[in-house]
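Engineer: Sequence first, predicted coordinates after that:
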Amino acid sequence: MNAVEDVGDQLVGAFQNPGLLLGIPLALAGAVFMSLGAQYQHRGVEKVERLSGADGASGLSFDQIKRLLTRPSWLLGTLMLGLAVICQLAALVKAPLIVVQPLGAIALVITTLLNARVSGHAPTRQSLTAIVCCVGGIFLFVFFAAIYATEQEVTDRELFVILALLLVVIIILGGGWLILRHRMRALFYVIGAGVLYGFVATLAKVVIKRIEAGQFEWITAICVLALLAAASVGGYFVQTAYSSGPPDLVIAGLTVVDPLVAVLIGMVVLGEAAAAPPWVMVIFAVAGAIAVWGVVGLARYHPQVLSESQELGIERGSTPTVQGETGAAAARSTDAGAAERSEDPEGPGTPPWRAGSGEQP
C-alpha cells in the first residue's frame, strides 16, 4: 500500500511541473519529426538502390553512401531527424523523463500510419498487436524507471566500464556484420542501432554533466570520440535497415531498444536502481520482454515484409521433383495458360478481377 502511495506522490509531483506545458508539445513535435524523417530517409535509400542497381540489404556500399549525400529526400529526412533530437532534448529539459519518453514512442504509431499510406500495405492484426506491445512495454518500463531511478554521479571507474562495454558491443556487431552480412536482415541492423544509440544517450548525458561541472579532461574527450564512433556505426546500421525493412520497423527498434539499453546501463553499471524494490525489477524484466517481443513480432509479421518476401523468386513446396518432371510440368502449365488466354474474351493479359474472378489486386 505504501508503494502505491509513493507512486501516486511521484506522479502528482511530476504533473505539477509547469514545464509540462512546453515539454509535452516539444515531445510530440519530436515524434512527428522523427516519423517524417524516417519516411524521407527510407525513400532516399530506396532511390539510391534503384539508381545504383545494387541491393543494400547486406550493407550499403561507399558509392551508395556518397549518393545518399546528394539525394534531396534523404537530406530532408536527416534534417527532420536532427530537429527531432533537438525537440527531444528540449523536452527533457522542460519535462520529466516519465512524460517525455513514452511520448517519443508515439513516433512508431505515426510512422506506421504514414508508411501504410505511402506503401499501400495496411497494418494487419498481428502487426498492430506487435506495435501495441512495443509502445505498451516501453511505457511500462520507463514509467517505473522514472519513478524509482535515482541519478548518481558517474565516476571514472564506471565510465571505463561503459567504454569497455561499448567497445565489446562494437566488436561483436562489427564481426557479425563482416562474417554474416549476406544473411543479416533488417532486425539485426535495427537492434544493433538501438543498442549503439543506447550507449550514445548515456555518453551524451555524461559529457553534458561533466562539461557543466567544468571537468572536461582526457577521459571526457575519449567519451566524445566513443560517442561519435557509436553514432556513426549506428547511423550506418539504420540506413542499411531502411534498405531491407520498412521505416516503422526501424523506428520500433530505436524507440524500444535505445531506452531499454540506456536504462539498463544506468541500473547495472551506475546503480541508479539500487532503491527499487524487488517487485519493480520483475516489472522491468516483464515490460522489457514485452517490448522486445513486439519488435521481433513486427519484423516477422509486418505486411510489407511479408509482401516483399512473397515477391521473391523462391521455389515453394516440400515435395521434391526430378528435373525432367519439373520441366514437363512447367511446359504443361505454360500451354494451359496460353490456351486460357486465347479463350479469354477480353484478350491476353486481362487481370483476373476483370475476367470475373473474385481476386483483387
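Structural biologist: Sure, I can see it.
Engineer: Enumerate the strands of this protein by residue range, in sequence order.
Structural biologist: Counting by DSSP state E, the chain forms no strands at all.
Engineer: which one's the longest helix in it?
Structural biologist: If each helix of the chain is counted by residues according to DSSP state H, the longest one is helix 20-52.
Engineer: Which other helices and strands does it contact?
Structural biologist: In terms of contact count using 3 or more CB pairs under 8 Å, 6 or more residues apart in numbering; DSSP states H and E, helix 20-52 is assigned the packing partners helix 62-68, helix 72-94, helix 97-104, helix 106-119, helix 218-244, helix 247-268. Bear in mind the C-beta positions are built from the backbone N, C-alpha and C, glycine included.
Engineer: Enumerate the positions of the longest one that are buried.
Structural biologist: When you say that, I think you mean helix 218-244. 220, 223, 226-227, 229-231, 233-244 (16 or more other CB atoms under 10 Å).
Engineer: How far away from the center of its chain is it?
Structural biologist: Put simply, helix 218-244 sits 15 Å off its chain's centre (CA atoms, centre = their mean, to the nearest Å).
Engineer: tell me the mean pLDDT for it?
Structural biologist: Helix 218-244 shows a mean pLDDT of 87.
Engineer: That one packs against which elements?
Structural biologist: Checked by 3+ CB pairs under 8 Å, 6+ apart, helix 218-244 has helix 20-52, helix 62-68, helix 156-180, helix 186-212, helix 247-268 packed alongside it.
Engineer: May I see those organised as TSV, with mean neighbour count added?
Structural biologist: Output for the helices and strands packed on helix 218-244, formatted as TSV (neighbours: other CB atoms under 10 Å):
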stretch	mean neighbour count
helix 20-52	21
helix 62-68	15
helix 156-180	14
helix 186-212	22
helix 247-268	25
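Engineer: if we compare the ones you listed, which one ends up closest to residue 91?
Structural biologist: Comparison of these against residue 91 by CB to CB identifies helix 20-52 as nearest, at 3.9 Å.
Engineer: angle of the closest one against helix 218-244?
Structural biologist: With axes from the mean of the first three to the mean of the last three CA atoms, to 10 degrees defining the directions, helix 20-52 sits at 60 degrees from helix 218-244.
Engineer: any idea of the angle helix 20-52 forms with helix 72-94?
Structural biologist: 160 degrees.
Engineer: Now find how far off-centre helix 20-52 is within its chain.
Structural biologist: Distance of helix 20-52 from its chain centroid, counting by CA atoms, centre = their mean, is 12 Å.
Engineer: With stretch 275-284 instead?
Structural biologist: With CA atoms, centre = their mean, you get 26 Å for stretch 275-284.
Engineer: buried stuff in it?
Structural biologist: 276, 280, 283, 284.
Engineer: pretty sure the first one is touching residue 146, no?
Structural biologist: When you say that, I think you mean residue 276. No - with contacts defined as CB atoms under 8 Å, residue 276 does not count as touching residue 146, sitting 11.4 Å away.
Engineer: can you pull the contacts of residue 68?
Structural biologist: Under the criterion of CB atoms under 8 Å, 6 or more residues apart in numbering, the neighbours of residue 68 are 44, 45, 48, 60, 74, 239.
Engineer: Sketch out the low-pLDDT regions of the stretch 1-150 of the chain for me.
Structural biologist: 1-21, 54-59, 95-102 (pLDDT under 70).
Engineer: could you list every residue that touches residue 223?
Structural biologist: Per CB under 8 Å, 6+ apart, neighbours of residue 223: 159, 163, 203, 206, 207, 210.
Engineer: Identify the farthest-apart pair in those.
Structural biologist: Spatially, the most separated pair among those is 163 and 210, at 13.7 Å (CB to CB).
Engineer: And the residue nearest to residue 29 when sequence neighbours are not counted, how far from residue 232?
Structural biologist: Excluding the flanking residues, the one nearest residue 29 by CB to CB, 6 or more residues apart in numbering is residue 87, at 4.8 Å. Counting by CB to CB, to the nearest Å, the gap from residue 87 to residue 232 is 22 Å.
Engineer: for residue 34, what are its contacts?
Structural biologist: 80, 81, 84, 104, 107, 111, 251.
Engineer: what about the fourth one, how many neighbours?
Structural biologist: So that's residue 104. When neighbours are counted by other CB atoms under 10 Å, residue 104 registers 25.
Engineer: Pull the number of nearby residues for residue 110.
Structural biologist: There are 20 residues near residue 110, going by other CB under 10 Å.
Engineer: what's the spacing between it and residue 262?
Structural biologist: Using CB to CB, residue 110 is found at 22 Å from residue 262.
Engineer: How about residue 285?
Structural biologist: Residue 285 is 17 Å from residue 262, by CB to CB.
Engineer: Just give me the neighbour total for the closest residue to residue 28 other than its chain neighbours.
Structural biologist: Leaving aside its chain neighbours, residue 28 sits nearest to residue 103 (6.1 Å; criterion: CB to CB, 6+ apart). Residue 103 has 21 neighbours, counted by other CB under 10 Å.
Engineer: what's the answer for residue 141, then?
Structural biologist: Neighbours around residue 141, by other CB under 10 Å: 26.
Engineer: hang on, it packs against residue 264?
Structural biologist: No - here residue 141 does not reach residue 264: they are 9.8 Å apart, not a contact under CB under 8 Å.
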